Every structure is written in structure tokens, then in C-alpha cells.
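In: Pasting a predicted model and its sequence here:
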Amino acid sequence: MIDPFESMLASPETLWANFALHRSTECRNELLLRHIDLVRRVVSRLYVSTRFFHEYDDLLSCGVIGLMDAFTRFEPERGIPFEAYAPVRIRGEIVDYMRRQDWAPRSVRRWSRAAPAG
């Protein structure tokens with residue numbers, strides 16, 4: 001395990017190796033700080049179309065949960081960069097949150113969009 005000061009200086013490969021080996025909170029927190037911009041980017045894109053229904057901070061919190069889930073499920077041996085993998089998990093967590101907050105099932109939404117206006 002590495003100490004927090006060393007983790008700030010550690011390379012991404014070292015952090016990932018330590019996190020994969022020990023699942024330490026310190027490594028996870030350092031990875032979180034290094035990748036929080038991924039969450040902000042995904043939230044800012046989703047917030048444009050949902051700002052009347054959801055608070056930005058709520059979406060950001062769900063995005064951080066998605067990022068932490070991406071840390072635990074990420075498999076570097078597959079050859080996919082984390083920066084490509086994480087936004088999918090982050091967006092999925094946020095969309096799941098929005099669906100849980102919605103009063104109507106998706107079938108009702110689909111039906112209302114397909115119904116003719118007027």
C-alpha cells in the first residue's frame with residue numbers, strides 16, 4: 001500500500017496496480033480526483049436536456065457513484081482505456097437514477113411521444 005503523499009506523485013499505472021491489488025481507499029480516492037472531469041463532462045451533457053427535472057448536484061453525485069463502480073469493474077487486461085470505459089458506466093448510473101425518479105414507466109413515455117398532437 002502506498003501513502004497518500006506518494007499517491008499524488010504516482011503514475012497512473014502505479015495507482016491502477018495498487019488499486020487492483022489492494023482495493024485501498026487511498027488509491028480509489030486519488031483515482032477519483034484524477035478522473036472527476038469525466039463525471040463533469042458526462043453530467044454537463046445530460047444536464048442540458050434535463051435541467052428542468054433534476055438538479056446538477058444530484059446528477060454529479062450519481063456520476064461519482066458510477067465512476068466508483070467503473071473503478072471496481074474495470075479490467076485493464078482487455079485493452080480498453082479507462083477514459084473510454086468510464087463515461088459509459090457514469091452515464092448509465094445517471095440514467096438509472098433519472099428513471100428511478102420518474103413517475104411514469106418508459107412505456108407510457110414512449111406512448112405519449114408516439115401519440116398524435118392535438
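Out: That came through fine. Numbering: from 1, shown residues only.
In: Correct me if wrong: residue 83 contacts residue 38.
Out: Yes - contact criterion C-beta atoms under 8 Å: residue 83 and residue 38 qualify, at 6.7 Å. Bear in mind the C-beta positions are built from the backbone N, C-alpha and C, glycine included.
In: of the two, who's got more company?
Out: residue 38 (20 against 10; other C-beta atoms under 10 Å).
In: For residue 31, see how far away that one is.
Out: 11 Å (C-beta to C-beta, to the nearest Å).
In: Low-confidence stretches in this structure?
Out: The chain contains residues with pLDDT under 70 at 1-9, 117-118.
In: and with 80 instead?
Out: 1-10, 103-110, 112-118 (pLDDT under 80).
In: quick one, helices of it?
Out: Taking DSSP state H to define them, one finds helices in the chain at 4-9, 12-22, 25-50, 56-73, 82-101, 106-114.
In: Which secondary structure elements does the longest one sit against?
Out: Just to be clear, that refers to helix 25-50. Packed against helix 25-50 by the contact rule (3 or more C-beta pairs under 8 Å, 6 or more residues apart in numbering; DSSP states H and E) you find helix 4-9, helix 12-22, helix 56-73, helix 82-101.
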